[in-house]
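# Here is the input, now give the coordinates:
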Amino acid sequence: MGILENANEKVKKFSILDVELSQFVAIFATLIIVKLIPQIMNINIWWFVACFIICVIKPVCVFFVKK
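Next up, the predicted model:
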């Protein structure tokens with residue numbers, strides 16, 4: 001079993017609370033990085049928008065398209 005398959009099996013055991021807490025972990029990790037490297041916030045807003053769109057494509061496709 002590969003790394004991704006093993007991780008998928010472990011994630012399937014998560015409850016809704018676990019998923020929400022992991023999202024908060026990502027948010028707080030991002031805040032820590034921004035606090036340590038404040039120059040990141042000087043990047044043009046459109047780079048953030050582009051990264052957001054790239055990251056949202058697969059989940060939206062899985063949610064609305066995949067049967």
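
# separation between residue 37 and residue 24?
Using Cβ to Cβ, to the nearest Å, residue 37 is found at 21 Å from residue 24. From N, CA and C alone the C-beta is placed, and that goes for glycine too.

# which stretches of this protein form helices?
3-11, 16-36, 45-64 (DSSP state H).

# what angle sits between the shortest one and helix 16-36?
Counting by axes from the mean of the first three to the mean of the last three Cα atoms, to 10 degrees, helix 3-11 lies at 120 degrees to helix 16-36.

# Would you confirm that residue 34 contacts residue 42?
No: between residue 34 and residue 42 there is no contact under Cβ atoms under 8 Å: 10.9 Å.

# More neighbours: which of those two?
The residue with more neighbours, out of residue 34 and residue 42, is residue 34; 12 against 6, by other Cβ atoms under 10 Å.

# Grab the nearest non-local neighbour of the more buried one.
residue 40 (5.6 Å; Cβ to Cβ, 6 or more residues apart in numbering).

# What's the local residue count around the one you found?
Residue 40, neighbours per other Cβ under 10 Å, totals 12.

# Was I right to think it contacts residue 31?
No: in this structure, residue 40 is not within contact of residue 31 by Cβ under 8 Å, at 11.1 Å.

# what about stretch 22-34, distance to the chain center?
10 Å (Cα atoms, centre = their mean, to the nearest Å).

# could you give the mean pLDDT of it?
Mean pLDDT, stretch 22-34: 94.

# Identify all contacting residues around it.
The contact list for stretch 22-34 (Cβ atoms under 8 Å, 6 or more residues apart in numbering) reads 14, 40-41.

# distance of the residue nearest to residue 34 from residue 27?
Counting by Cβ to Cβ - residue 40 and residue 27 are separated by 15 Å.
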